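Colleague: give me a model of this one.
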Amino acid sequence: MKTYNTLAAVDLGSNSFRLEVARVAGDQLYPLDSLKETVRLAGGLGEDKLLDEATQARALACLQRFGERLRGLSPDAIRCVGTSALRVARNADIFLPLAETALGHPIEIVAGREEARLIYLGVAHSLPASPERRLVVDIGGGSTEVIIGQGLKPHERESLHMGCVNFSLRFFAGGVIDKATLKAAEMSARVEVERIARQFSRGNWQQAVGSSGSARALREIIEQSGWSTCGITADGLARLRSQFIKAGHVDALDLPGLTRDRRPVIAGGFAIMAGLFAELEIEHMDVAETAMREGILYDLLGRFHQHDMREATVDEFMRRYHIDTRQAERVKQVALKLLAASGGSDENDLRFLGWAARLHEIGLMVSHGGYHRHSGYILENADMPGFSRTDQARLALLARAQRGALAKLPEFAAAAVPDNDRLLVWLLRQAVILCRSRAEPNLSEVTVEAGNKRIRLGLPAGWLERRPLTRRALEEETVHWRAVGTKYAFG
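Modeller: Prediction:
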């Protein structure tokens with residue numbers, strides 16, 4: 001696998017968009033450049049969960065500027081990640097192609113727990129080595145991630161649907177703050193935190209660490225006001241609560257350390273932090289200078305240094321779901337052999353085809369009947385560290401399409417499957433057929449001609465004559481592929 005001297009991460013947060021560029025030196029990263037723009041994506045979500053046009057325009061303009069900074073970097077050395085607001089936006093499928101064009105790079109939407117893993121990875125790399133278990137809290141614009149980990153490894157991860165932007169809009173519309181509203185906001189936060197309180201309460205960790213803008217803003221206010229010498233404290237939050245009520249409006253807040261861009265969302269961030277302190281019995285919280293964007297960079301670095309979290313997840317799923325490893329390896333090797341014969345050499349396609357082959361029978365743990373559909377459901381909906389939602393959807397498509405009528409699948413019926421994914425589906429299906437006896441198929445040489453909606457599979461002379469069941473299955477395959485517009489022949 002290639003290595004790179006420079007990596008870049010783009011974090012499309014629900015409050016701010018961040019770009020981080022870093023130099024690689026062994027297993028370490030050293031910052032080269034950092035850009036931040038307050039886009040407030042979550043603020044553009046109406047009650048109908050649609051991103052409004054003004055917010056989209058603001059986001060696209062920001063991404064065009066980020067795209068200029070990314071020019072000249074290898075596309076493989078860049079990872080762009082979207083979070084809470086893009087997870088819930090009903091028109092994300094319309095906005096994302098525009099965003100990718102503006103940025104010049106694909107954007108992955110990650111699930112809440114994957115966002116939590118990346119946050120922990122970024123925070124953990126900035127902290128001194130310690131055997132202590134750490135609670136890491138990240139209050140974003142649209143969600144709050146809570147993690148317990150040790151060293152560089154997260155053990156517990158949760159994502160709560162509350163952030164400084166949506167809480168500020170919900171409880172402090174127009175910037176008005178009063179005692180009753182502030183109490184209601186804190187109580188709402190406590191109710192949300194209560195459902196995870198048992199596994200994240202004080203007895204499960206030794207140090208609490210906050211990350212991202214809300215935590216840093218609260219620390220600056222509390223420290224500069226003289227209410228704490230280091231970090232956020234329960235007493236400091238209590239004093240800040242009094243200042244909020246006294247001011248009555250965010251514009252009237254006269255607090256050292258409160259910046260102009262943080263002012264509109266500080267009340268929402270405070271209410272969430274106060275709820276976390278109360279429910280998780282936090283007395284003191286340190287604040288890290290790193291967050292998700294650094295986690296994205298270290299995760300990307302791990303992929304180049306053979307520490308790809310996705311590989312570890314596939315290994316764990318094979319173990320957890322008791323997959324027949326020998327059959328999975330047979331199918332994988334045949335699929336890769338066919339891919340090589342087709343002339344395909346894209347490294348990303350190689351990885352996804354290999355993962356799909358190793359996990360294609362995961363649904364057998366649910367039921368043998370229609371196991372491919374169960375496999376697809378698990379791969380699309382399970383918590384898979386290292387994989388984005390886009391990655392999981394791709395794996396799920398390969399698993400669902402490994403057998404049966406392709407025309408019944410919505411993606412194929414709508415002709416929405418890209419050519420390279422169509423080829424991967426074909427490769428996996430043929431590998432499953434050729435390995436149906438769960439024995440080595442002994443294919444000495446194969447040829448594959450693929451292109452322009454035509455595929456031809458060439459098998460060794462006399463091979464099919466000894467395998468009438470396989471011949472029948474391949475004949476049925478030609479019918480399935482013809483139904484979705486691809487001419488398939490074999491011999």
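
Colleague: now do the strands in the stretch 101-250 of the chain.
Modeller: With strands called from DSSP state E, counting those that start in this stretch, the stretch 101-250 of the chain shows them at 108-109, 133-139, 144-150, 153-160, 207-211, 232-233.

Colleague: dump these into CSV; add distance to residue 416 and mean neighbour count as well.
Modeller: Any C-beta I mention is one placed from the backbone N, CA and C, and that applies to glycine too. Below are the strands of the stretch 101-250 of the chain laid out as CSV (distance: least, Cβ to Cβ, whole Å; neighbours: other Cβ atoms under 10 Å):
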stretch, distance to residue 416, mean neighbour count
strand 108-109, 17, 20
strand 133-139, 35, 26
strand 144-150, 32, 23
strand 153-160, 29, 18
strand 207-211, 38, 22
strand 232-233, 48, 24
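
Colleague: reformat the ones you listed as TSV; add mean pLDDT and distance to residue 397.
Modeller: Rendered in TSV, the data for the strands of the stretch 101-250 of the chain read as follows (pLDDT from 0 to 100; distance: least, Cβ to Cβ, whole Å):
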stretch	mean pLDDT	distance to residue 397
strand 108-109	94	16
strand 133-139	96	31
strand 144-150	96	28
strand 153-160	94	25
strand 207-211	96	34
strand 232-233	97	45
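
Colleague: the stretch 201-350 of the chain: helices as residue ranges?
Modeller: 212-224, 234-247, 266-280, 292-304, 309-320, 325-342, 347-359 (DSSP state H, counting those that start in this stretch).

Colleague: so who does the residue most central in space within the chain touch?
Modeller: By Cα atoms, centre = their mean, the chain has its centre lying nearest to residue 110, at 2.2 Å. Shown in contact with residue 110 (Cβ atoms under 8 Å, 6 or more residues apart in numbering): 81-83, 118, 388-389.

Colleague: among the residues you listed, which pair sits farthest apart?
Modeller: For these, the farthest-apart pair by Cβ to Cβ is 118 and 389; their separation is 13.4 Å.

Colleague: higher neighbour count, these two?
Modeller: Legend: neighbour count by other Cβ atoms under 10 Å for residue 118 and residue 389, higher for residue 118 (31 against 17).

Colleague: next one, pLDDT for the nearest residue to the more buried one once chain neighbours are set aside please.
Modeller: Closest residue to residue 118 in three dimensions, ignoring its sequence neighbours and counting by Cβ to Cβ, 6 or more residues apart in numbering: residue 295, at 3.7 Å. Residue 295 carries a pLDDT value of 94.

Colleague: from the chain's centre, how far out is the lowest-mean-pLDDT helix or strand in the chain? Work that out for me.
Modeller: Least confident helix or strand, the chain: helix 410-413 with a mean of 88, by mean pLDDT, DSSP states H and E. The chain centre lies 25 Å from the centre of helix 410-413; the measure is Cα atoms, centre = their mean, to the nearest Å.

Colleague: name the residues that touch it?
Modeller: 397, 401, 406-407, 416-417, 484.

Colleague: can you do 6 Å?
Modeller: 406, 417, 484 (Cβ atoms under 6 Å, 6 or more residues apart in numbering).

Colleague: and the closest residue to residue 381 other than its chain neighbours, how far from residue 454?
Modeller: Distance criterion Cβ to Cβ, 6+ apart; nearest residue to residue 381, sequence neighbours excluded, is residue 392 at 7.9 Å. According to Cβ to Cβ, to the nearest Å, residue 392 and residue 454 sit 30 Å apart.

Colleague: looking at these two now, which is surrounded by more residues?
Modeller: Per other Cβ under 10 Å, whichever of residue 392 and residue 454 has more neighbours is residue 392, with 20 against 12.

Colleague: I figured the more buried one hits residue 380, correct?
Modeller: Yes: counting by Cβ atoms under 6 Å, residue 392 touches residue 380, with 5.4 Å between them.

Colleague: can you count the residues close to residue 315?
Modeller: 12.

Colleague: gap between it and residue 290?
Modeller: Separation of residue 315 from residue 290 (Cβ to Cβ): 28 Å.
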